[in-house]
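>>> sequence and computational prediction follow.
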Amino acid sequence: MAPRFYPSHRFCHTAIAAFGIAFLACSFLPSHSATLALYNRCAVPVWPGIQPSAGKPILARGGFLLLPNQAYSIRLPSAWSGRVWGRQGCVFDSSGRGRCATGDCGGSLYCEGMGGTPPATLAEITLGSSSKTQDFYDVSLVDGYNLGISMRPFRGAGRCGAAGCVSDLNEVCPSGLAVRAGPGSKVVACKSACSAFGSPEYCCTGSFGSPQLCKPTEYSRLFKSACPRAYSYAFDDPTSILTCTGASYLVTFCPHR
């Protein structure tokens, strides 16, 4: 089902070879506005989900379809914060009801403020209150992994590094964390150890609820080794959270393709 578009959003149906081209191809929004561009490099459709933090506005009804090599750009309000993830294997009827094999948000095309069902790779961002204050952003595996995601700032000031998990963790996912579906029982997602086992040492809760007591485990080390630029567990190295000032951002699904 085609997404519903709003005047402040731009949709691009074009092949995009590099992250900068995404913004050029999508007709720039006003320079004082931060823009979030979502680009599908996967060989199959992806249904992005967008969940705002509490009190922040819902963007693009929280979900839509991106075909391979499509991009979709959204103007971000000042000081907006939230998360983006990719849903895969979705089937929706004409009313937008259905389900996704991974990242499902209440059985709807439009997430409307709901989060995705783990496991799902998350791109997270907190914008500064103006173009002169820092943004914070990261790619997180704390809720598990379903597909590769990269997040790059564009035309910002500061260190402005790339965050992401560009490896296919499904190929190396331990059997105890693997989620299988479809023909041949293919691994379609990889749970976090917290989600799989629920114990405090994996979830950093209870007596393990501090950075001093909740240390990396064999599972979070595996995630970190495969995706060193992603947040691998609740108290991961703070350098996994990146900063940039006055930037726009490109989130790419399946950046390894």
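Perfect, I can see it now.
>>> Y39 - nearest residue in space that isn't next to it in sequence?
Using Cβ to Cβ, 6 or more residues apart in numbering and skipping residues adjacent in sequence, the residue nearest Y39 is A71, 4.2 Å away. Glycine gets a C-beta too; all of them are placed from N, C-alpha and C.
>>> what's the answer for F92, then?
Per Cβ to Cβ, 6+ apart, closest to F92 is G98, 3.6 Å.
>>> tell me the span between the first and last residue of stretch 174-182.
Across its full length, stretch 174-182 reaches 19 Å between end residues, using Cα to Cα, to the nearest Å.
>>> next one: stretch 77-96
Note: stretch 77-96 ends 26 Å apart using Cα to Cα.
>>> buried set for that stretch?
Neighbour-count burial for stretch 77-96 flags 80-90, 92, 96 (criterion: 16 or more other Cβ atoms under 10 Å).
>>> next structured bit after the one helix or strand in the chain whose mean pLDDT sits lowest?
Across the helices and strands of the chain, mean pLDDT, DSSP states H and E gives its lowest value to helix 19-25, namely a mean of 45. Proceeding N to C from helix 19-25, the next assigned helix or strand is strand 34-40, under DSSP states H and E.
>>> residue furthest from the geometric center of this structure?
No residue in the chain sits farther from the centre than S207, which is 29.8 Å out by Cα atoms, centre = their mean.
>>> which non-adjacent residue is nearest it?
Per Cβ to Cβ, 6+ apart, closest to S207 is P200, 6.3 Å.
>>> now do the contacts for that neighbour.
206-209 (Cβ atoms under 8 Å, 6 or more residues apart in numbering).
>>> show me which of the residues you listed are buried.
F208.
>>> got the contacts of P200 as JSON lines, with pLDDT and distance to V142 columns?
Listed next are the contacts of P200 as JSON lines, based on pLDDT from 0 to 100; distance: Cβ to Cβ, whole Å:
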{"residue": "G206", "pLDDT": "96", "distance to V142": "17"}
{"residue": "S207", "pLDDT": "96", "distance to V142": "19"}
{"residue": "F208", "pLDDT": "97", "distance to V142": "14"}
{"residue": "G209", "pLDDT": "95", "distance to V142": "14"}
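>>> farthest pair within the contacts of P200?
S207 and G209 (7.0 Å; Cβ to Cβ).
>>> which of the buried residues of stretch 77-96 lies closest to F154?
Closest to F154, out of all of those and judged by Cβ to Cβ, is V84, at 15.5 Å.
>>> can you tell me how far that closest one sits from F64?
12 Å (Cβ to Cβ, to the nearest Å).
>>> shared neighbours, these two?
P48.
>>> give me the beta-bridge partners of R97?
S108 (DSSP bridges).
>>> which SSE is the closest residue to E124 other than its chain neighbours in?
Spatial nearest neighbour of E124, excluding adjacent residues (Cβ to Cβ, 6+ apart): R83 at 4.7 Å. Following DSSP H and E, one finds R83 within strand 81-87.
>>> tilt between that strand and strand 34-40?
On the basis of axes from the mean of the first three to the mean of the last three Cα atoms, to 10 degrees, strand 81-87 is oriented at 10 degrees to strand 34-40.
>>> now do S195, the pLDDT please.
Looking at S195, its pLDDT stands at 96.
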